[in-house]
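Asks: next comes the sequence, and after it the predicted model I'd like to discuss.
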Amino acid sequence: MSKIHPHHLATPSQTPLSLDQPSTSHDPHSSSSSSSSSSTSNTQREIFTIWMKSLILGGKGCTVFDSKGQVIYRVDNYSSKCCDQVYLMDSKGHVLLTILRKKFRLLARWDGYRDDKKNGASWWFQVRKSWKIPQMPFNCEVVVNLYHDKKSPAFKIVKGKSELTSCKIVDRLGGLIAEVKRKQSIGGVVLGNDVLTLVIEPNIDPSLIMGLMVAYNLIHSRI
């Protein structure tokens, strides 16, 4: 397989983000003990390429490449879309996150667990639609809770203004955490809508952001 190199974007971030989280042992700025080596703490922006295709022939999912063109994350749903249980894996197929769909009548949310979900394990993050604004196709705000703190969302995922595939993850003060947009070649050519660039701000765990992006795309039936 040929390597895919993300197009180098703007200038590095000036100051690391500092979010108010209740537990340092599960800080989203820190690496999960089960994450791949790329998920270690970083002081610079990280840039990934998301290909909205599975490496499995005929499968559904996505494949994520790092800045060196190496596969770093995978989601393989084989021949089905919108599964109720989805795994974020590393390049070797080891499970990093388990994402489960919870249904409550007309409402639904996605709960993310570290590693393979064990009996009695607590969810790490929870993604659901916000019902405070009109719900139009591909025009909804998604709220994210961490560590069972349901009083105040830690993050919001906001759809981009110009494209269906673009979105931003912001903290509760509106500060940028990560951004997804259509990938451009070095020459400035915009690639297909299934090839995206993900930019993650410093000191954020990439596996958490990937888990949120997988849940966001599951909400919109893209995986």
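Replies: All right, it came through fine. Numbers count the residues shown, from 1 in each chain.
Asks: how about the helices in this structure?
Replies: 206-219 (DSSP state H).
Asks: got the contact list for the helix or strand bottoming out on mean pLDDT in the chain?
Replies: Of all helical and strand segments in the chain, the minimum by mean pLDDT, DSSP states H and E falls on strand 142-146, at a mean of 83. Residues from elsewhere that reach strand 142-146 (C-beta atoms under 8 Å, 6 or more residues apart in numbering): 21, 26, 28, 124-130, 153-158, 169, 212, 215-216, 219. C-beta here means a position set from N, CA and C on the backbone, and glycine is covered the same way.
Asks: which strands or helices does the top strand by length along the chain pack on?
Replies: When the chain is parsed with DSSP state E, its longest strand is strand 95-104. Judged by 3 or more C-beta pairs under 8 Å, 6 or more residues apart in numbering; DSSP states H and E, the packing partners of strand 95-104 are strand 85-89, strand 107-114, helix 206-219.
Asks: next, the angle from the first one to strand 107-114.
Replies: Direction vectors for strand 85-89 and strand 107-114, defined by axes from the mean of the first three to the mean of the last three C-alpha atoms, to 10 degrees, enclose an angle of 40 degrees.
Asks: poorly predicted segments of the chain, please.
Replies: Counting by pLDDT under 70, the chain shows low-confidence ranges at 1-41, 79-82, 105-106, 118-120, 131-141, 148-152, 162-163.
Asks: about what we covered before: ok, the longest strand of the chain: who's next to it in the sheet?
Replies: Partners of strand 95-104 in the sheet, by DSSP bridges, are strand 85-89 (antiparallel), strand 107-114 (antiparallel).
Asks: dump those to TSV, plus distance to residue 44 and mean neighbour count.
Replies: Formatted as TSV, the strands paired with strand 95-104 follow (distance: least, C-beta to C-beta, whole Å; neighbours: other C-beta atoms under 10 Å):
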stretch	distance to residue 44	mean neighbour count
strand 85-89	23	19
strand 107-114	25	19
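Asks: so can I have TSV of those strands showing distance to residue 194?
Replies: As requested, the strands paired with strand 95-104 are exported to TSV (distance: least, C-beta to C-beta, whole Å):
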stretch	distance to residue 194
strand 85-89	18
strand 107-114	21
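Asks: distance to residue 181 for the helices and strands packed on strand 95-104 - can I get that in CSV?
Replies: Listed next are the helices and strands packed on strand 95-104 as CSV, based on distance: least, C-beta to C-beta, whole Å:
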stretch, distance to residue 181
strand 85-89, 21
strand 107-114, 22
helix 206-219, 12
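Asks: closest one to residue 165 among the ones you listed?
Replies: Among the helices and strands packed on strand 95-104, the nearest to residue 165 by C-beta to C-beta is helix 206-219 (9.0 Å).
Asks: can you give the contact residues for the closest one?
Replies: 28, 31-32, 35-36, 38-39, 46, 48, 50, 52, 62, 64, 73, 75, 82, 86, 88, 96-97, 99, 101, 110, 112, 124-125, 127, 129, 142, 144, 155, 157, 167, 169, 177-178, 180, 198, 200, 223.
Asks: narrow the residues you listed to those in strands?
Replies: The members of the contacts of helix 206-219 that map onto strands under DSSP E are 46, 48, 50, 62, 64, 73, 75, 86, 88, 96-97, 99, 101, 110, 112, 125, 127, 129, 142, 144, 155, 157, 167, 169, 177-178, 180, 198, 200.
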